[in-house]
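>>> no FASTA, just this:
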């Protein structure tokens, strides 16, 4: 089973993402902010990370950059799921190493289609 780390300071958003992913057969690990996610990622491998951008302690773009610096996360797909839709923020995320960008409110079917493409199961 593929394991996905979801990172968002909103409990309700984590619950919605978890429900969507679990319904499609994915294992889900959750973190409330980038710092918590990074601490988990240092000792645990996941197949994909989905992170919010605006969070306390460590934002999602910083998290992406930190994850890319870890040997086990150089090739891991890192998606940003956020209300931020400005081209400037998207470019900042891309420069940090983000694989893709999904704007909230997200469409569950669209999220799963994106994952299928990333995992080559589409």
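Nice, thanks for sending it over. A quick note: this is a predicted structure, and the numbers were derived from the prediction, not measured.

>>> My reading is that residue 89 is in a helix; is that accurate?
Yes - remark: residue 89 belongs to a helix, assigned using DSSP: H, G, I helix; E, B strand; the rest coil.

>>> Give me the phi and psi for the closest residue to it other than its chain neighbours.
Nearest residue to residue 89, sequence neighbours excluded (C-beta to C-beta, 6 or more residues apart in numbering): residue 53, at 6.8 Å. The way it works is simple: take the backbone N, C-alpha and C, and place the C-beta from them, glycine included. Dihedral pair for residue 53: phi -90, psi -50, per degrees, to the nearest 10.

>>> what about residue 53, how many neighbours?
Using other C-beta atoms under 10 Å, residue 53 has 25 neighbouring residues.

>>> And residue 69, by the same measure?
For residue 69, using other C-beta under 10 Å, the count is 11.

>>> right, and residue 100 touches residue 82 too?
No - with contact defined as C-beta atoms under 8 Å, residue 100 does not reach residue 82; the gap is 11.4 Å.

>>> Please identify which of the two sits among more neighbours.
residue 82 (24 against 16).

>>> and the gap between the spatially closest residue to the more buried one that is not a sequence neighbour and residue 108?
Closest residue in space to residue 82, ignoring its immediate chain neighbours: residue 53 at 4.0 Å, by C-beta to C-beta, 6+ apart. Separation of residue 53 from residue 108 (C-beta to C-beta, to the nearest Å): 20 Å.

>>> what's the answer for residue 67, then?
Distance from residue 67 to residue 108, by C-beta to C-beta: 24 Å.

>>> Between the two, point out the one with more neighbours.
residue 67 (25 against 14).
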